[in-house]
Structures are given as structure tokens and as C-alpha cells.
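> Okay, predicted coordinates and the sequence, questions at the end:
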Amino acid sequence: MRFSEVNVFGVYVAPILPVLFASWIISVALHRVADRCGLLRLVWHRALFDFAAYIVVLSSIILVMAR
């Protein structure tokens, strides 16, 4: 797949910007689910865990888009 600019209301943005936004939304949803299930009690460094989860979601989306 070829990554090209995305037209957002007449403004061309880099293709990574919508992917970053989508991965942020998914990461927030996963964080809330993990918090309600009590999984975040087991995490030593919550900010580091959130960042790692965001990177995993972002890289997964990019790998799926590249295929």
C-alpha cells in the first residue's frame, strides 16, 4: 500500500496523523477497560505501561495498513 496525503476538510495532512489519532482513541479505550477490570493494579509504572500499550497499538495499525 502506498501512503499518501489525507484530505481532511480541504487540508492535506500526513498519513500518520489519522493513524496516531486512531491509536490514541483505541489506547484510551483499552486503558479504561483495564482499569475497570482491575488489571492496572498489577502494573508497576502506569505511565510507562500506557506508553508501551500505545506503541503496540500504533505499530499494529501500521502493520495492518501496510499489508
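Thanks, I have the structure now.

> how about the spatially most central residue of the chain, what does it touch?
For the chain, the residue nearest the mean C-alpha position is S23 (1.8 Å; C-alpha atoms, centre = their mean). Residues touching S23, when contacts are defined by C-beta atoms under 8 Å, 6 or more residues apart in numbering, comprise 54, 57-58, 61. All C-beta spots, glycine's among them, are computed from the backbone N, C-alpha and C.

> What of I62?
With the criterion set at C-beta under 8 Å, 6+ apart, I62 makes contact with V19.

> Could you verify that it is part of a helix?
Yes: per DSSP: H, G, I helix; E, B strand; the rest coil, I62 lies within a helix segment.

> Could I get the buried residue list for the helix or strand containing the residue nearest to the centre of the chain?
Here S23 sits within helix 16-37, counting by DSSP states H and E. Applying a neighbour-count criterion of 16 or more other C-beta atoms under 10 Å, the buried positions in helix 16-37 are 19, 23, 26-27, 30-31, 34.
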